[in-house]
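[1] sequence below, structure please.
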Amino acid sequence: MFPSSFSAGRCGICLLAFLLVGLGAGTAGAQAPCNEADTVGGGMLGTSPGPVGPPNSLGWDAGSGQCNGSFAVGADGAFPGGALELGLRAEERRIGQVPRMMGMDYEVELGNDANPPAALNRAWWNFNFSIAYGGAIADLDSLIFQIRTDAGTNLPTNPTVDLLGVGVRAALDARNNQPNATTGFADIFQVSQNPEFGWFSNAMDTDANPTGAFNYDEEGAWRLRLVATEAGTELDAEICVHTPNAECAYPVIGAAKEMDPLDATLPATIQIDYVFENFGADTLVDMSVADDLAAVFGTPGVDWTFTSISSSPLAFANPGFDGSGTTELINQAPTQSLAGSGLATVTVTIELLTIAGADVSGEFCNEITVTGLDSLGVSYQDLSAAGADPDANGDAMPTESDPSCFNQSEVPVTLMGFSVD
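    You can find the predicted model right below:
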């Protein structure tokens, strides 16, 4: 359920299989300014340990010699049960936080903690997380910590850790046994951990502390994610921690849609082409996209009729799609995935019988939103661009978005000839 190694840290207290972690007071300045933007926990700013108990408890107080700031934060002031804040960051052990790159990206160094006195049994970096809640954290429906290895062979011992599990919080809470409240939140759960503390396993652990746990001499990249749910509402925070020559992998989904009349008069065959492309390195799973053709073309069976659906790969399209009663384009049984750099297409044809569904400008227009999940359950989506290319400007960032349209003038009604005697 959770990492299972003892670690004799500076605080000297081990509960269950975890160290109640303190980082120790560092003598060098932090790599990122103390108490900079994106602090967590409410309360006061300052260097831990702080005053015991509210109203002046520090917002961040896990271990000694630490200060607040440089967290990647997810927050919801209207979260059920009270305002909720989730924060994650990386730091240099016993020194301080490292600056964030691009919002959620933290670069750490290879090797052990070399600050005097050097610690061969600790990696250079720690990860910190903070959960601050207006209610009682134990009352949340779920609170999950996830680790995923994207580069290297340091694999998580438990990719998913239930932070509400029996005894877990008592073992991990590193707030120096202070009351878990600040002026901003009623309950706080804050942790600072080193990768060597049993979070990872590695059969190729060839560093100076070859315990089969974390090999701190190996390049690597890891995605760390906190997810809390309560009463059907979810909040998450995520970071990427990586060494200088490694990076995390993410999916980047793009969509395009094009509608073409194949006949010059009614009734007209309309071909609708959808293109889905994954511009990232990670696989997307559970892909889904709905297209309500009745909202575009009018009443099915009166203004238009469904003809066919096909796709590449062959099983990608939903064989039950009809554009009105069933609007899911992508096969859900089984669910479909799209590998990094992968491409999938779907083609739908309908027969347009009238132009009653055109808008006031005589246009038939719409666009679709494709969604997919990565292996951590993070949702990615894209609103379609018009045409056949989800990334028309070629920047591998498919942010282009506009509806696909054609005008009723492209399929005018054929007038019947008549004569006057």
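
[2] for Glu196, grab the count of nearby residues.
    Neighbours of Glu196 under the rule other CB atoms under 10 Å: 26. C-betas here are computed from N, CA, C, even on glycine.

[3] my read: it touches Ala123, true?
    Yes: counting by CB atoms under 8 Å, Glu196 does reach Ala123; the two are 5.4 Å apart.

[4] mind listing the shared neighbours of those two?
    By CB atoms under 8 Å, 6 or more residues apart in numbering, Glu196 and Ala123 have these common neighbours: Phe214, Tyr216.

[5] how far does the helix or strand where Leu224 lies sit from the chain's center?
    Counting by DSSP states H and E, the element that carries Leu224 is strand 221-230. Mean-position distance between strand 221-230 and its chain equals 8 Å (CA atoms, centre = their mean, to the nearest Å).

[6] give me the buried positions along that strand.
    Buried residues in strand 221-230, counted by 16 or more other CB atoms under 10 Å: Ala221, Trp222, Arg223, Leu224, Arg225, Leu226, Val227, Ala228, Thr229, Glu230.

[7] between the two ends of stretch 225-235, what distance do you get?
    End-to-end span of stretch 225-235 (CA to CA, to the nearest Å): 11 Å.

[8] what lies in contact with that stretch?
    Stretch 225-235 is touched from outside by 74-76, 79-81, 84, 86, 88, 129, 131, 135, 139-146, 148, 236-239, 376-378, with contacts defined as CB under 8 Å, 6+ apart.

[9] in strands, which of these fall?
    Using DSSP state E, the members of the contacts of stretch 225-235 that fall within strands are 74-76, 84, 86, 88, 129, 131, 142-146, 148, 236-239.

[10] give me the spatial nearest neighbour of Ala123, chain neighbours excluded.
    Counting by CB to CB, 6 or more residues apart in numbering, Ala123 lies nearest to Tyr216, which is 4.1 Å off, once chain neighbours are set aside.

[11] quick one, helices of the stretch 101-250 of the chain?
    168-172 (DSSP state H, counting those that start in this stretch).

[12] for it, which spans come out with low pLDDT?
    The stretch 101-250 of the chain contains residues with pLDDT under 70 at 177.

[13] now the strands for the stretch 151-300 of the chain?
    For the stretch 151-300 of the chain, the strands defined by DSSP state E, counting those that start in this stretch occupy 155-156, 160-162, 187-193, 200-201, 221-230, 233-242, 253-261, 268-278, 285-288.

[14] which stretch among those strands comes nearest Pro117?
    Across these, Pro117 has its closest neighbour in strand 187-193 (19.0 Å, CB to CB).

[15] sheet partners, orientation included, of the closest one?
    strand 125-133 (antiparallel) (DSSP bridges).

[16] report the angle between the partner strand and strand 233-242.
    For strand 125-133 against strand 233-242, the angle by axes from the mean of the first three to the mean of the last three CA atoms, to 10 degrees is 170 degrees.

[17] in strand 125-133, what's buried?
    So for strand 125-133, counting by 16+ other CB under 10 Å, buried means Trp125, Asn126, Phe127, Asn128, Phe129, Ser130, Ile131, Ala132, Tyr133.

[18] what's the angle from that strand to strand 221-230?
    Relative orientation of strand 125-133 versus strand 221-230 (the same axes, to 10 degrees): 10 degrees.

[19] quick one: which of the strands of the stretch 151-300 of the chain is nearest Pro54?
    strand 187-193 (10.3 Å).

[20] so how far is the closest one from its chain's centroid?
    Distance, centroid of strand 187-193 to centroid of chain: 21 Å (CA atoms, centre = their mean).

[21] which residues are in contact with it?
    19, 21-23, 40-41, 60-63, 66, 91, 126-137, 163, 169, 172-175, 180-182, 199.

[22] again, only using 6 Å
    Around strand 187-193, the neighbours that count as contacts under CB atoms under 6 Å, 6 or more residues apart in numbering are 21, 23, 41, 62-63, 126-133, 136-137, 169, 172, 174-175, 180.

[23] and the nearest residue to Tyr250 once chain neighbours are set aside, how many residues sit next to it?
    Leaving aside its sequence neighbours, Tyr250 sits nearest to Gly280 (CB to CB, 6+ apart; 4.9 Å). Residues lying near Gly280 (other CB under 10 Å) number 21.

[24] residues touching Glu109, list them.
    Glu109 touches Trp124, counting by CB under 6 Å, 6+ apart.

[25] at 8 Å what do you get?
    Glu92, Trp124, Trp125, Thr243, Pro244.

[26] check the secondary structure at Pro51 for me.
    Under DSSP: H, G, I helix; E, B strand; the rest coil, Pro51 falls in the coil class.

[27] give me the number of residues near the nearest residue to it once chain neighbours are set aside?
    Of all residues beyond its chain neighbours, the one nearest Pro51 is Ser57 (6.1 Å), with distances taken as CB to CB, 6+ apart. Burial measure for Ser57: 26 neighbouring residues, criterion other CB under 10 Å.
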